[in-house]
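>>> Here's a sequence, model it:
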Amino acid sequence: MYVTQDIANRIKARLKIKGINTKDMLSSLDMGVNAISEFAKGKQMSCISLAKIADYLDCSVDYLLGRTDNPGVNR
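Have a look, this model is predicted:
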């Protein structure tokens, strides 16, 4: 099954690689400033929000979910 903490960690790692501030990304996507930390604690995130994050970070949803280690797979 998918672990929200692991997905949040992948998002944070991708942000770091891209040199993007979490708050800047969330603001650009019209998401709450605590969306990632709440998600890491188990709160559900919509598939649309996850897709928006993947698009913003130029990677696939599969990568964020941990289904692949290649950010470009299924992009």
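>>> Go through the biggest helix by length in the chain and flag the buried ones.
Longest helix of the chain, by residue count under DSSP state H: helix 4-18. The neighbour-count criterion (16 or more other C-beta atoms under 10 Å) identifies T4, I7, A8, R10, I11, R14, L15 as the buried residues of helix 4-18. All C-beta spots, glycine's among them, are computed from the backbone N, C-alpha and C.
>>> mind checking how far K23 is from G42?
For K23, the distance to G42 equals 21 Å [C-beta to C-beta, to the nearest Å].
>>> just to revisit the earlier point, output the buried residues of helix 4-18 as CSV; include the columns pLDDT and distance to K52.
Listed next are those as CSV, based on pLDDT from 0 to 100; distance: C-beta to C-beta, whole Å:
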residue, pLDDT, distance to K52
T4, 95, 17
I7, 97, 14
A8, 97, 15
R10, 97, 15
I11, 98, 11
R14, 97, 13
L15, 98, 14
